[in-house]
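**Student:** Okay, here's the prediction I keep looking at, along with the sequence it came from:
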Amino acid sequence: MNRHKVFSITHLQKVILHVIGYFILFCLPILYSRLHLHGALQGSDHLFLTGALEFFMVLLLLTIVFWLIHLNRIVAGILMPIFYFFGAISDYFLFNFSRHIDVGAIQETLGNELALVQEFIPLALVLSVVIAFIIYYILNRYKLGKVPAIATLLFILTFSSAALVYDHVVNHLFMLRSVVQSYMPTSGFYSVGYYFLHYYWAEQEAVARTDISELYEFSMPENKANEPLIVVMVVGESLRGDMVEPNGYAINNMPKLVSTPNFISFSKAKTYTNLTREAVPLMLTRAERDNFEESLTETSIISVFKKLGFATAWIGNQGLFAGVKPTFGPIAMESDYVVNRSDLRRLSGNQITYDGYMLPFFDDFLAANSGKNIFVVFHMMGSHWEFDERYPKEYMQLMPTCRSAPGLCSKEELFNGYNNTIIYTDYFLKEIINRLDQQRAIMLYASDHGFSLMEGGFFSNATPSKPKEQMDIAMFAWASDKYLQQHRQMFADLRKKRDQDISHDHIFHSLLGCSNIKSDIIDGKLNLCE
Ligand SMILES: [Zn+2]
């Protein structure tokens with residue numbers, strides 16, 4: 001390495017040319033897609049500001065990374081082609097599947113698709129890599145003029161400093177973090193690292209479990225209308241059954257759902273655990289309260305839908321409790337497509353992610369799989385404490401809410417915040433229904449457990465005494481007209497059970513039963529559609 005060259009103009013001229021080239025080729029497409037998503041999530045009010053801030057932060061990031069790399073010619077000669085290579089892959093994913101490099105994309109590439117990829121590498125991918133290398137080669141042979149190089153550097157430094165100061169004051173540099181995590185070349189390393197730290201173990205465990213789809217025969221009679229079937233399971237969070245309007249609660253906190261045709265609430269639904277990480281496996285596997293262990297050794301209902309050719313997705317606004325056992329991580333990883341809280345944070349650029357942030361990912365999944373049978377699990381943040389962080393401002397309809405530690409707040413403040421989360425859940429579930437209204441579709445919702453709002457001095461869930469308000473849960477069902485045209489009797493049977501004692505044990509069997517799937521694994525007594 002030539003020490004004099006490090007701070008020389010020649011060094012700068014080379015670095016800035018790569019910054020401009022790399023930015024246009026691989027970062028602008030990401031910026032465009034992030035702004036598109038941002039508009040869908042938060043409206044277009046601050047779109048220009050967000051775009052400008054990210055624009056300059058990315059330029060600064062590239063300038064620093066490329067400057068450091070070019071300190072050593074050998075390092076630059078090895079790393080820069082690698083960066084262009086991964087940039088081309090990122091563009092390929094973005095343009096073909098409109099998806100960023102996230103957990104699901106890596107899982108797909110490393111896991112189930114790897115065999116396929118080895119046999120057949122898509123031509124478009126090969127082409128984009130070849131083009132990226134050609135551009136790299138050309139840029140590497142040239143350098144920018146002295147004046148443009150210095151002017152560009154000053155331009156980047158001035159505006160990116162302003163952007164960083166703004167981000168520091170307003171977001172405590174959260175935006176910078178999400179820029180590092182979302183833009184090439186750093187996003188590639190971040191995502192792969194994140195995947196191996198947080199999800200690889202869950203994927204390995206999923207593969208090691210006994211595959212129930214291989215233990216039993218499953219069949220699905222041809223449907224007469226030849227319409228694909230969409231089955232949605234919404235896993236709620238901390239929503240107790242006695243405080244929702246459809247069960248007769250005095251406050252109108254679910255106005256949209258109570259006026260939705262074919263919407264049913266189960267008034268006596270129960271859970272057997274007040275822990276999220278036990279409740280979710282109990283809902284999605286055939287394990288019941290007495291044999292919880294089975295939920296840790298066997299695959300879930302997702303594997304059955306997959307076996308039957310459904311496109312499967314896990315769209316969660318919670319993490320997967322990485323490293324904690326037992327948990328539902330391995331269940332989520334059974335799906336073809338996985339999105340969770342870290343993806344929502346990174347892609348939205350917001351630390352607080354509302355459940356509605358999951359909807360654009362649902363839209364993408366539906367569009368990418370149109371014409372296929374689909375099974376989707378949503379995992380909501382729902383009514384988890386802190387309540388005010390669960391809904392956008394316009395859903396703060398009951399005031400005042402609790403702004404400090406729950407023990408210091410009045411009962412009214414706690415109930416107001418809790419009810420606001422329910423009003424937002426009403427919106428969220430109705431948005432899912434709106435997307436399925438014209439399809440042959442059925443949706444089931446069940447909260448993982450209830451919630452104590454200072455009854456008996458308890459706040460939250462997971463208290464060993466398991467009081468009633470933590471064990472009584474909200475549970476709903478909905479079906480579309482097209483579904484009813486073909487399965488009227490099944491849904492009538494389900495409707496009859498709305499005031500019976502039911503529990504999480506019913507969910508596995510009902511999701512299969514209500515999808516008209518036939519198998520010996522289905523226990524008729526636990527199938528709500530029988
Ligand atoms: Zn929970």
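**Tutor:** Happy to help now that I have it.
**Student:** Quick check: buried residues in whichever strand or helix holds residue 53?
**Tutor:** Residue 53 belongs to helix 47-69 when assigned by DSSP states H and E. Buried residues in helix 47-69, counted by 16 or more other CB atoms under 10 Å: 50, 53-63, 65-67, 69. Backbone N, C-alpha and C define where each C-beta goes, glycine included.
**Student:** and of those, the nearest to the ion?
**Tutor:** Using CB to the ion, residue 50 comes nearest to the ion of the buried residues of helix 47-69, at 31.8 Å.
**Student:** Excluding residues flanking it in the chain, which one is nearest the closest one?
**Tutor:** Of all residues not flanking residue 50 in the chain, residue 38 sits nearest, at 5.8 Å (CB to CB, 6 or more residues apart in numbering).
**Student:** likewise residue 331?
**Tutor:** residue 300 (4.4 Å).
**Student:** what sits against whichever residue of the stretch 401-530 of the chain sits closest to the ion?
**Tutor:** Of all residues in the stretch 401-530 of the chain, residue 448 sits closest to the ion, at 4.2 Å by CB to the ion. With contacts taken as CB atoms under 8 Å, 6 or more residues apart in numbering, residue 448 has the following neighbours: 235, 236, 237, 238, 271, 276, 279, 280, 283, 473.
**Student:** could you redo the last one with a cut-off of 6 Å?
**Tutor:** 237, 276, 279 (CB atoms under 6 Å, 6 or more residues apart in numbering).
**Student:** In this structure, which residue sits nearest the ion?
**Tutor:** For the chain, CB to the ion, closest residue to the ion: residue 276, 3.1 Å.
**Student:** what pLDDT does that residue get?
**Tutor:** Looking at residue 276, its pLDDT reads 89.
**Student:** Tell me where the stretch 151-300 of the chain has strands.
**Tutor:** In the stretch 151-300 of the chain, the segments counted as strands under DSSP state E, counting those that start in this stretch are 229-236, 263-265, 269-270.
**Student:** The longest one pairs with which strands?
**Tutor:** Each strand pairing with strand 229-236, determined using DSSP bridges, is listed with its direction: strand 374-379 (parallel), strand 440-447 (parallel).
**Student:** Tell me which of these lies nearest to residue 256.
**Tutor:** strand 440-447 (13.2 Å; CB to CB).
**Student:** Could I get the buried residue list for that closest one?
**Tutor:** Quick answer for strand 440-447 (16+ other CB under 10 Å): 440, 441, 442, 443, 444, 445, 446, 447.
**Student:** So for that strand, mean pLDDT?
**Tutor:** Strand 440-447 comes out at a mean pLDDT of 97.
**Student:** One more: stretch 258-266?
**Tutor:** For stretch 258-266, the per-residue pLDDT averages 97.
**Student:** May I see the buried residues of that stretch?
**Tutor:** 260, 263, 264, 265, 266.
**Student:** Next: stretch 380-391.
**Tutor:** 380, 381, 382, 383, 384, 385, 387, 388, 390, 391.
**Student:** Go through those and name the one nearest residue 27.
**Tutor:** Nearest to residue 27 among these is residue 381, at 30.4 Å by CB to CB.
**Student:** Which of the helices or strands spans the closest one?
**Tutor:** Per DSSP H and E: residue 381 is located in neither a helix nor a strand.
**Student:** ok, it - contacts?
**Tutor:** 237, 317, 355, 390.
**Student:** what's the closest non-adjacent residue to it?
**Tutor:** Nearest non-adjacent residue to residue 381, counting by CB to CB, 6+ apart: residue 317, 4.5 Å away.
**Student:** So for that neighbour, what's the pLDDT?
**Tutor:** Reported pLDDT for residue 317: 95.
**Student:** how many neighbours does it have?
**Tutor:** Applying other CB atoms under 10 Å, we find 24 residues neighbouring residue 317.
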